[in-house]
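Enquirer: next one to model:
(chains A, B and C)
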Amino acid sequence: MNQVPSDKDFRRGVFAISVAADMTALQIQNIRVYERRGLLEPDRSAGGTRLYSRADIETLLRIRDLLAEGLNIAGIARVIALEAEVTRLRREIDLNPPTRRRGPQGASQR
DNA sequence: ATTCTGACA
DNA sequence: TGTCAGGA
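Expert: Numbering: from 1, shown residues only, chains lettered A, B, ... in the order given. Reported below is the predicted structural model:
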């Protein structure tokens, strides 16, 4: 009936850590490490086992690729934060298109 | 068999 | 940053 995934669906934790490791080619232990470093906050079941959402998987893939590019954990945290910010700003612009203004000729725009 | 936390190199 | 020990 409804095959369009809602945003909530996207963020609902469903995958066990072993599945997440499979999907991302990351070690289970390291996935836990990235959480400890603040890059991730997966859901938990009643018993306390981690449940990873589709969004979490995306984040893990981002982490994997950025690590391969030589970034450290702190750098990756910055990238993730900035990407989230870009997404937020783009949505804001999309919802509320700003009026373009032109400053005085040759003047600094800051 | 799987996942958890905490310690440590 | 990543690995290992030990327990539920």
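Enquirer: all contacts plus neighbour counts: C-alpha atoms, from now on.
Expert: Fine.
Enquirer: distance of A:Pro5 from A:Asp94?
Expert: Noted for A:Pro5: a distance of 21 Å to A:Asp94, by Cα to Cα, to the nearest Å.
Enquirer: cool, A:Glu85 as well?
Expert: Counting by Cα to Cα - A:Glu85 and A:Asp94 are separated by 14 Å.
Enquirer: contacts for the longest helix belonging to chain A?
Expert: Under DSSP state H, the helix in chain A containing the largest number of residues is helix A:73-95. Outside helix A:73-95, the residues that touch it by Cα atoms under 8 Å, 6 or more residues apart in numbering are A:34, A:37-39, A:59, A:63, A:66-67.
Enquirer: helices - which of those residues land there?
Expert: Using DSSP H, the contacts of helix A:73-95 in helices are A:34, A:59, A:63, A:66-67.
Enquirer: which parts of chain A sit against DNA strand B?
Expert: By the rule Cα under 7 Å from any atom of the strand, the part of chain A lying against DNA strand B is A:16-19, A:32, A:44, A:48-51.
Enquirer: can we see that at 6 Å?
Expert: A:16-18, A:48-50 (Cα under 6 Å from any atom of the strand).
Enquirer: which of those residues sit farthest apart?
Expert: Pairwise distances across those (Cα to Cα) peak at 14.9 Å, for the pair A:Ser18 and A:Gly48.
Enquirer: which one of those two has more residues nearby?
Expert: A:Ser18 (15 against 8; other Cα atoms under 10 Å).
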